[in-house]
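1. Build me a model:
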Amino acid sequence: MPSSLPEIDLESGSETSKRAALYLRISKADGQQTEENQRRELREFLQKEGYELAGEYVDHESGRKGRKEREAFDEMFEAAENREFDVLVFWSLDRFSREGIRKTISYLQQLEALGVGFRSYTEPYLNTENELVSHILLAVMSYFAEYEAKKISRRTKAGLERAREEGKQIGRPSKFDEHEEDLKAMLEDDLSKAEMKRRTGLAYNTVKKYIRRIEDES
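-> Coordinates of the predicted model:
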């Protein structure tokens with residue numbers, strides 16, 4: 001993937017390095033990855049690419065937690081809003097966020113809106129240093145996020161329809177279903193509606209409605 005041209009200091013004619021921030025998230029489930037391993041390799045990457053290190057943000061929380069639940073993630077966004085760095089570098093997209101593709105894309109779009117690019121150390125194609133590539137990349141990722149959401153919706157609807165056809169209960173059982181057998185037994189014992197109300201805890205009018213329904217169905 002082509003990279004953007006380096007910035008030039010017009011007064012001196014020399015190249016100026018971009019400010020990059022590192023976001024590290026350490027997964028407790030991954031015993032092979034440590035904070036120092038990530039930090040060392042990412043710092044070496046910045047040095048190789050000619051970036052100036054502008055900050056490091058480290059979380060030990062689950063990537064499924066949102067911005068406000070990951071302290072370093074939230075601080076990183078506040079720094080981005082204050083334009084304290086130009087590019088965010090992370091180990092991989094799943095280290096950046098695991099909240100689902102739509103939420104992840106939303107975070108990346110927020111960075112873009114703030115004028116901050118991003119790069120994934122282990123996924124070279126996730127590189128928005130080139131403005132044209134940035135727009136194309138985010139557009140493609142947004143498309144697939146929307147496609148995935150629609151696919152999940154279709155699968156959910158198909159599953160519910162199949163369950164209905166098989167006569168399975170969808171969602172929580174109703175109060176009628178919960179009390180039906182007890183009310184039938186009380187009817188056979190010729191108990192009064194007032195006694196049924198006392199035993200079931202239902203309102204008197206509800207007992208009358210349920211009894212009427214049982215009688216209509218019998």
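2. Is it correct that residue 184 is in contact with residue 214?
-> Yes - look at residue 184 against residue 214 with C-beta atoms under 8 Å: they come within range, at 6.1 Å. Every residue, glycine included, has its C-beta placed from N, CA and C.
3. Kindly list the main-chain dihedrals of the residue lying farthest from the centre of the chain?
-> Centroid-distance maximum for the chain: residue 190 at 55.4 Å, with C-alpha atoms, centre = their mean. Here is the backbone geometry of residue 190 (degrees, to the nearest 10): phi 60, psi 40.
4. now it: how far from residue 161?
-> 42 Å (C-beta to C-beta, to the nearest Å).
5. Also residue 175?
-> 25 Å.
6. Kindly report the same for residue 25.
-> 39 Å.
7. quick one: which of the two has more around it?
-> residue 25 (26 against 11; other C-beta atoms under 10 Å).
8. which residues does the more buried one contact?
-> 58-61, 63, 70, 73, 90-91, 95-96 (C-beta atoms under 8 Å, 6 or more residues apart in numbering).
9. And the buried ones among the residues you listed, selectable in PyMOL?
-> To isolate the buried ones among the contacts of residue 25 in PyMOL, judged by 16 or more other C-beta atoms under 10 Å, type:
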select buried, resi 58+59+61+63+70+73+90+91+95+96
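10. Make a markdown table out of the contacts of residue 25 and add distance to residue 43 and pLDDT.
-> Below are the contacts of residue 25 laid out as a markdown table (distance: C-beta to C-beta, whole Å; pLDDT from 0 to 100):
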| residue | distance to residue 43 | pLDDT |
| --- | --- | --- |
| 58 | 13 | 95 |
| 59 | 18 | 93 |
| 60 | 19 | 90 |
| 61 | 22 | 85 |
| 63 | 22 | 82 |
| 70 | 21 | 93 |
| 73 | 19 | 96 |
| 90 | 13 | 94 |
| 91 | 12 | 92 |
| 95 | 16 | 88 |
| 96 | 18 | 90 |
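11. which ones among the contacts of residue 25 are found in helices?
-> Of the contacts of residue 25, the ones assigned to helices by DSSP state H are 73, 95-96.
12. Closest one to residue 179 out of those residues, please.
-> Taking C-beta to C-beta as the measure, residue 73 is the one of the ones in helices among the contacts of residue 25 closest to residue 179, at 48.0 Å.
13. Let me see the contact set for the spatially most central residue of the chain.
-> Among the residues of the chain, residue 99 comes closest to the average C-alpha position under C-alpha atoms, centre = their mean, at 2.0 Å. Going by C-beta under 8 Å, 6+ apart, residue 99 touches 63-66.
14. Compute the number of surrounding residues for residue 43.
-> Neighbour count of residue 43, defined by other C-beta under 10 Å: 15.
15. oh sorry, the question was meant for residue 206
-> The tally of other residues near residue 206 (other C-beta under 10 Å) stands at 16.
16. measure it to residue 217 for me?
-> 17 Å.
17. ok, and the closest non-adjacent residue to residue 71?
-> residue 59 (6.9 Å; C-beta to C-beta, 6 or more residues apart in numbering).
18. isn't the one you found right up against residue 74?
-> No - counting by C-beta under 8 Å, residue 59 does not reach residue 74; the two are 9.4 Å apart.
19. okay, now the domains of this structure?
-> The chain is divided into the following domains under automatic domain parsing: 7-146, 175-217.
20. so of those, which one's packed in deepest?
-> domain 7-146 (a mean of 16; mean count of other C-beta atoms under 10 Å).
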